[in-house]
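> this is the structure alone, sequence omitted:
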């Protein structure tokens, strides 16, 4: 199993541009998550999904959108990128809720908005 | 909203020392996770626990639900244990996902 994969690994965006961060898992996990990690801060939850067609906001959803059309894929869309979105983004998945199952993390995408 | 505090923020120790990292949280949880993040960024789950104690090799994690506190211990520390150790708890309030501490940066010197 490849586990959780993310593309791209690095990206530089200009202010106002848009992009999609890709995330895929091959473990047949229903639960998937997007987090961002800023220097000196804990990771923060952006969006999560409990199954195909179902998504919900986390702590910091503004400026982002997600979709979940298949069990495997959970892309994160940035519209009108802003410098405040400069961060490292991690995708994660679980077999079930985080109260009962460990999380598997992707390698991260380092995004810089200038 | 749960607040997760870790201590210490930074820890430098000599190889072979016994290491303890602490985590406290403010609201009752269903589970607490300990994670490891190496330089280069990858995050790996070490433990998930909701009561008592778990052991994996030289790592031991304990949790006291009444006191809202958990500890991660490393016995016979080694330079390869150098990493950031992150405590995270289930977010609760009807939402899934984790709420994270800021991490403890551990350096083990040979």
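That came through, no problem. Keep in mind the model is a prediction, meaning the values are calculated, not measured. Numbering: from 1, shown residues only, chains lettered A, B, ... in the order given.
> and stretch A:2-15, what's buried?
A:4, A:6, A:11, A:13 (16 or more other Cβ atoms under 10 Å in any protein chain shown). Bear in mind the C-beta positions are built from the backbone N, C-alpha and C, glycine included.
> now look at the helix or strand where the third one lies and say if it contacts chain B.
Under the assignment given by DSSP states H and E, the secondary-structure element containing residue A:11 is strand A:10-13. No. For strand A:10-13 and chain B, the contact criterion (Cβ under 8 Å from any Cβ of the partner chain) is not met; the two come no nearer than 11.1 Å.
> could you pull out the buried residues of the following helix or strand past that strand?
Per DSSP H and E, the first helix or strand lying C-terminal to strand A:10-13 is strand A:19-25. For strand A:19-25, the neighbour count (16+ other Cβ under 10 Å) marks A:19, A:21-25 as buried.
> what does stretch B:70-88 give?
In stretch B:70-88, counting by 16+ other Cβ under 10 Å, buried: B:70-74, B:77, B:81-88.
> does chain A sit close to that stretch?
Yes. Stretch B:70-88 comes into contact with chain A (Cβ under 8 Å from any Cβ), by way of B:86, B:88.
> which non-adjacent residue is nearest residue 23?
I'll assume chain A. residue A:91 (3.4 Å; Cβ to Cβ, 6 or more residues apart in numbering or on different chains).
> should've been chain B
Among residues not flanking residue B:23 along the chain, residue B:87 sits closest, at 3.5 Å (Cβ to Cβ, 6+ apart).
> identify the residue nearest the geometric centre of chain A.
For chain A, the residue whose C-alpha lies nearest the mean C-alpha position (Cα atoms, centre = their mean) is residue A:34; its distance is 2.8 Å.
> residue 90 bridge partners, please.
Picked chain A for this. Counting by DSSP bridges, residue A:90 is bridged to residue A:35.
> the intended chain is chain B.
Applying DSSP bridges to residue B:90 gives these bridge partners: residue B:98.
> check the gap between it and residue A:99 for me.
In this view, residue B:90 and residue A:99 are 5 Å apart by Cβ to Cβ, to the nearest Å.
> higher neighbour count, the two?
Neighbour totals were compared for residue B:90 and residue A:99, and residue B:90 leads with 25 against 18 (other Cβ atoms under 10 Å in any protein chain shown).
> so who does that one touch?
A:97-99, B:29-32, B:96-99 (Cβ atoms under 8 Å, 6 or more residues apart in numbering or on different chains).
> next SSE downstream of the helix or strand of chain B with the lowest mean pLDDT?
Every helix and strand in chain B was compared by mean pLDDT, DSSP states H and E; the lowest is strand B:95-100, with a mean of 87. Once the chain leaves strand B:95-100, the next helix or strand it forms, by DSSP H and E, is strand B:104-109.
> against which helices or strands is that following strand packed?
Helices and strands touching strand B:104-109, by 3 or more Cβ pairs under 8 Å, 6 or more residues apart in numbering or on different chains; DSSP states H and E, are strand B:10-14, strand B:19-25, strand B:83-92.
> what do you get if the cut-off is 7 Å, keeping everything else the same?
If contacts are counted by 3 or more Cβ pairs under 7 Å, 6 or more residues apart in numbering or on different chains; DSSP states H and E, strand B:104-109 sits against strand B:10-14, strand B:83-92.
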